[in-house]
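Undergrad: with the sequence up front, the predicted model follows.
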Amino acid sequence: MALDFPEDIPCLESEVLIIGSGAAGLNAALRLHVQGVEHLRIITEGLQMGTSINTGSDKQTYYKLAGTGQDSPEAMAADYFEAGGMHGDLALVEAALSSRAFHQLLNLGVPFPVDAFGRVAGYQTNHDQASRGTSTGPYTSRDMCLALQKEIQRRNIPIDEGMEVAKLIHQTHGQTGETRCMGAIALDRTAQPRAYLAPHVIFAVGGPGGLYHQSVYPKVHNGAIGLAMEMGARCRSLPEFQFGLSSTAFRWNVSGSYMQCIPRFISRAQDGSDEKEFLLDHSLSQTEILNWTFLKGYQWPFHTAKLPGGSSILDILVHIETTQKKRRVFLDFRTNPQGYAFKTLSPEAQDYLHCCHSVQERPIERLQAMNPKAIKLYRTHGIELEKEPLEIAVCAQHNNGGLAADHWWQSENIQGFYPVGEVNGSHGVARPGGSALNSGQVGGFRIADFISAHPATHWNPHKAQEQAQSSWKELQTYLYQCTTATKTAMDVRSEFQQRMTAIGAHIRSSKRLTQGLKEAQHQFAQLLQEGCLAQNPQELWHAVKNRQLCLAHLVYLDAMLFQVESGVGSRSSALVLNPEETNGQLPLAGWEKKEWKFSPEDVSFRDYILETEWKHNRCQHRWVPCHPISDEPLWFESVWANYHQSAYFQGWKISDERWHSRA
Ligand SMILES: Cc1cc2nc3c(=O)[nH]c(=O)nc-3n(C[C@H](O)[C@H](O)[C@H](O)COP(=O)(O)OP(=O)(O)OC[C@H]3O[C@@H](n4cnc5c(N)ncnc54)[C@H](O)[C@@H]3O)c2cc1C
């Protein structure tokens, strides 16, 4: 079937357009409806698409104010803030609204466990001392989506499924230079376009799942941050990705009990021959291997603070095996690692295994005793851990950074545009486990409060339609190029994904980023000039995804290089190699591999946030100081007066720090 497109694009208007139907998008729609904004429309690739409905972990965590003890929004905000690189106003909002958001989910029937008296049970998650974690099991985010979908359907909020957003419609004012988002152009499953126009556009497209070759994002999820970058939307903390050990045939984190049962790490040649316990090749003692494997269970993801000599060495050795030696790595649950003996384990591991009644002879038996669902989960995806080893790699899992929005979740530099969920980069260097889901819910409350108080008096539908037609013309040029291009969409995708995994994942260096960035710029320029081959509607969806993903990979790499060149050093999930570093350390004491010397973190950067914009076909960056957490007293009469005067609807003063482009 030859692809053809109409001259003019049909337009559909609503007061609010919500792009994306993950946990964040659905909640934003619900909150708006509750607040009386009823002329809404959700558009999405599909209700079964995205990360929330397709992913989880051995106990997928939701982070919220603790239900017992002496927790407070201020204490929770301080924990968010302490990790660095996060604005204090956002930390306070995410903490203050967490109870409200969580209780809405409980009231919608999401099965979070409560005791006989209705108290919510909590546990400690990473970067958390207050037991703020809770969970419905492996599929918390899916349970949230299902409950939210039910409520959205009950309220008859329209959802257009099967729509791939290919471009955001926006206009920049000639005199003021202000940019306003006015809607989006999407292609349906037959590749026919439609423009959705709205004065308020909520962008809930999830994290950039399609950027990396080695990734634990669900295969169906690619994200769409590149569409916002193309519009010039400000980003923040882009380099702050998280990476960790994950299975690859079925994408799932191998954290928690998958490591605490202490499986055997093996590698094989590509053809399956030459099996060996490769960790033993690297001057690690058997006891170190056993104890670091156990610790990896809760020291997941990869973290530079767990080096030198700590559980993160496992991620590095897996990386060396898969990327440098080009071998395949597996976890074998059927037999013990060499030298395994219960009494040689650390007291911490012994206690834990004892308490879980997991002292059996083999890893699979220990896992069965500790968490039988963990085995069943793989079985339902066709993988029998009792019979075969599980292939793993170090995979991209989450981006703490993303688009920059104020504390009402409106973009810092694009009016009428509200990024929410993982695409909103509210978190910084680290985040407590479970806070991604909290942030996505809190954001919906803020957006609804803001939009319901700000009717769109400025809206001019004729102008929006004109802008839609001219945006459609621009997009058409690319679409027609794709119908005759030579490179396939999957070849183009694979090229930038491989590049990101090779140089923009957990191991980074100035030299390799500099070289890779040049290649990225070349690939993006070529893609804009030539397109990539699309001969049917499905391929065209991939082609439009490639355009925004390819831009996004370039912007991410530029931001990573700027961060490395700024001298931030190694932090969180990014190890910055520099053999010339005078204060450098090796991941493992006594290692001969000098090329693995890494720069220490310059902790003074934790007080700053890296902002990035794509403007006039190049990236510009700047470091802005973190906003402090407000210390305004909560005096009832003042809050009452301000609340009724709507005095709170102001964003933070936007920074006037100067921008820098790399030469
Ligand atoms: C393996 C794994 C484990 C995790 N565990 C945890 C955890 O324990 N705790 C925690 O807090 N977080 C966890 N996370 C992160 C968390 O699951 C995600 O951040 C969150 O679910 C994202 O929700 P979202 O609504 O922002 O996006 P998503 O759920 O990804 O939804 C995005 C939506 O946008 C749509 N969309 C995207 N692009 C387009 C387009 N171009 N056109 C139309 N529609 C589009 C998608 O189809 C989808 O509907 C985990 C993530 C992974 C991968």
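TA: That came through fine.

Undergrad: helix, strand or coil for Thr335?
TA: Put simply, Thr335 is coil when judged by DSSP: H, G, I helix; E, B strand; the rest coil.

Undergrad: what ranges does the stretch 401-550 of the chain have for its helices?
TA: Taking DSSP state H, counting those that start in this stretch, the helices of the stretch 401-550 of the chain run over residues 435-452, 461-484, 489-503, 510-530, 537-566.

Undergrad: shouldn't Lys615 be in contact with Arg234?
TA: No - between Lys615 and Arg234 there is no contact under CB atoms under 8 Å: 9.9 Å. Heads up, the C-betas are built off the backbone N, CA and C, glycines and all.

Undergrad: more crowded one of the two?
TA: Neighbours were counted for Lys615 and for Arg234 using other CB atoms under 10 Å; Arg234 has more, 21 against 13.

Undergrad: how many other residues sit next to the closest residue to the more buried one other than its chain neighbours?
TA: Of all residues not flanking Arg234 in the chain, Ala404 sits nearest, at 4.2 Å (CB to CB, 6 or more residues apart in numbering). Using other CB under 10 Å, Ala404 has 26 neighbouring residues.

Undergrad: Ala404 contacts Met229, doesn't it?
TA: No - contact criterion CB under 8 Å: Ala404 and Met229 do not qualify, at 11.4 Å.

Undergrad: what do these two both touch?
TA: Overlap of the contact sets of Ala404 and Met229 (by CB atoms under 8 Å, 6 or more residues apart in numbering) consists of Cys235.

Undergrad: thinking again about what came up before, what residues are up against the residue nearest to Arg234?
TA: 233-236, 411-413, 425, 611.

Undergrad: so which of those residues is the most crowded?
TA: Gly425 (30 neighbours).

Undergrad: for it, which residues are in contact?
TA: Contacts of Gly425 (CB under 8 Å, 6+ apart): 235-238, 240, 399-404.

Undergrad: next, count neighbours for the nearest residue to it once chain neighbours are set aside.
TA: Nearest residue to Gly425, sequence neighbours excluded (CB to CB, 6+ apart): Gly402, at 3.2 Å. Residues near Gly402, counting by other CB under 10 Å, number 29.

Undergrad: can you list the weak-confidence ranges in this protein?
TA: 1, 651-652, 663 (pLDDT under 70).

Undergrad: stretch 569-576 near the ligand anywhere?
TA: No - counting by CB under 6 Å from any ligand atom, the ligand is not contacted by stretch 569-576; separation bottoms out at 13.6 Å.

Undergrad: and the end-to-end length of that stretch?
TA: One end of stretch 569-576 sits 6 Å from the other (CA to CA, to the nearest Å).

Undergrad: likewise for stretch 373-390?
TA: Length of stretch 373-390, first residue to last, CA to CA: 16 Å.

Undergrad: please point out which parts of it sit buried.
TA: 374-375, 377-378, 383, 385, 389-390 (16 or more other CB atoms under 10 Å).

Undergrad: show me the contact partners of that stretch.
TA: Under the criterion CB under 8 Å, 6+ apart, residues 58, 137-138, 247, 249-250, 252, 254, 256-258, 266, 330-334, 364, 367-368 lie in contact with stretch 373-390.

Undergrad: ok, it near the ligand or not?
TA: No - Stretch 373-390 lies apart from the ligand when judged by CB under 6 Å from any ligand atom; the minimum separation is 11.9 Å.

Undergrad: and that stretch, how far from the chain's centre?
TA: Averaging C-alpha positions (CA atoms, centre = their mean, to the nearest Å) puts stretch 373-390 26 Å from its chain's average.

Undergrad: quick one, which of the helices of the stretch 401-550 of the chain is nearest to Ala166?
TA: Closest approach to Ala166 among the helices of the stretch 401-550 of the chain is made by helix 537-566 (4.1 Å; CB to CB).

Undergrad: on contacts alone, who are the packing partners of that closest one?
TA: The contact analysis (3 or more CB pairs under 8 Å, 6 or more residues apart in numbering; DSSP states H and E) places helix 537-566 against strand 164-172, strand 179-187, helix 225-230, helix 461-484, helix 489-503, helix 510-530, strand 608-615, strand 618-625.

Undergrad: what residues are up against the spatially closest residue to Ser570 that is not a sequence neighbour?
TA: Closest residue to Ser570 apart from its sequence neighbours, by CB to CB, 6+ apart: Thr304 at 4.3 Å. For Thr304, the contact set (CB under 8 Å, 6+ apart) comprises 312, 570-575, 598, 601.

Undergrad: any chance of these in JSON lines, plus distance to Asp4, neighbour count and secondary structure?
TA: What follows is the contacts of Thr304, written out as JSON lines (distance: CB to CB, whole Å; neighbours: other CB atoms under 10 Å; DSSP: H, G, I helix; E, B strand; the rest coil):
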{"residue": "Ser312", "distance to Asp4": "53", "neighbour count": "26", "secondary structure": "coil"}
{"residue": "Ser570", "distance to Asp4": "52", "neighbour count": "26", "secondary structure": "coil"}
{"residue": "Arg571", "distance to Asp4": "51", "neighbour count": "26", "secondary structure": "strand"}
{"residue": "Ser572", "distance to Asp4": "48", "neighbour count": "25", "secondary structure": "coil"}
{"residue": "Ser573", "distance to Asp4": "45", "neighbour count": "26", "secondary structure": "coil"}
{"residue": "Ala574", "distance to Asp4": "46", "neighbour count": "27", "secondary structure": "strand"}
{"residue": "Leu575", "distance to Asp4": "50", "neighbour count": "26", "secondary structure": "strand"}
{"residue": "Phe598", "distance to Asp4": "54", "neighbour count": "25", "secondary structure": "strand"}
{"residue": "Glu601", "distance to Asp4": "54", "neighbour count": "20", "secondary structure": "coil"}
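
Undergrad: of these, closest to the ligand?
TA: Ser573 (13.6 Å; CB to the nearest ligand atom).
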